[in-house]
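Peer 1: Okay, here's the prediction I keep looking at, along with the sequence it came from:
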Amino acid sequence: MLNEFKAFISKGNVLDLAVGIIIGAAFTAIVTSLVDDLIQPLIGMIIGGIDFSSWGFSIGDAKFAIGNFITAIIKFLIVAWVVFLIVKAVNRMMPKKEEAPAAPAGPSDNDLLKEILATLKAK
């Protein structure tokens with residue numbers, strides 16, 4: 001069982017996934033700082049100094065933090081945009097795979113049937 005686990009964990013795709021998750025977590029901290037410290041104040045300045053992170057309303061004891069939701073959407077869009085740019089750059093750097101030449105076309109089904117018929121008639 002230990003050998004199977006060792007074989008599983010040493011596969012390239014598992015290690016790539018682990019590295020991606022770790023880098024993603026670190027990247028999330030950078031994006032959070034970017035949104036909270038740079039973009040959100042800029043948007044607040046543009047819309048008149050309003051800090052929308054505190055936007056929300058309450059119904060009874062439940063508080064609906066709409067501003068936090070807006071901030072989460074902004075963070076998501078930034079992360080999605082950066083991932084798109086990274087994938088696009090990696091795709092440009094990867095060598096393009098050339099398509100294999102098409103196999104020569106063989107005889108059609110009708111041609112094969114005609115050959116079989118001719119062979120049967122000859123016998």
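Peer 2: Nice, I can see it. Numbers count the residues shown, from 1 in each chain.
Peer 1: how about the strands in the protein?
Peer 2: Remark: strands assigned in the chain by DSSP state E are 57-59, 62-64.
Peer 1: which strands and helices sit next to the last one?
Peer 2: Using 3 or more C-beta pairs under 8 Å, 6 or more residues apart in numbering; DSSP states H and E as the contact criterion, the neighbours of strand 62-64 among helices and strands are strand 57-59. Backbone N, C-alpha and C define where each C-beta goes, glycine included.
Peer 1: Take the strands of the chain and write them to a markdown table, including mean pLDDT and mean neighbour count.
Peer 2: Output for those, formatted as a markdown table (pLDDT from 0 to 100; neighbours: other C-beta atoms under 10 Å):
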| stretch | mean pLDDT | mean neighbour count |
| --- | --- | --- |
| strand 57-59 | 89 | 8 |
| strand 62-64 | 88 | 10 |
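Peer 1: need the ones you listed in TSV with distance to Ser33, can you?
Peer 2: What follows is those, written out as TSV (distance: least, C-beta to C-beta, whole Å):
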stretch	distance to Ser33
strand 57-59	28
strand 62-64	25
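Peer 1: Quick one: closest of those strands to Gly106.
Peer 2: Gly106 lies closest to strand 62-64 among these, at 67.3 Å (C-beta to C-beta).
Peer 1: contact partners of that closest one?
Peer 2: Residues outside strand 62-64 that contact it (C-beta atoms under 8 Å, 6 or more residues apart in numbering): 56-58.
Peer 1: The same query, at a cut-off of 7 Å, please.
Peer 2: For strand 62-64, the surrounding residues in contact (C-beta atoms under 7 Å, 6 or more residues apart in numbering) are 56-57.
Peer 1: now it, how far from the centre of its chain.
Peer 2: Once both centres are worked out by C-alpha atoms, centre = their mean, to the nearest Å, strand 62-64 turns out to sit 32 Å from its chain's centre.
Peer 1: Name every strand pairing with that strand and say which way it goes.
Peer 2: When pairs are called by DSSP bridges, strand 62-64 turns out to pair with strand 57-59 (antiparallel).
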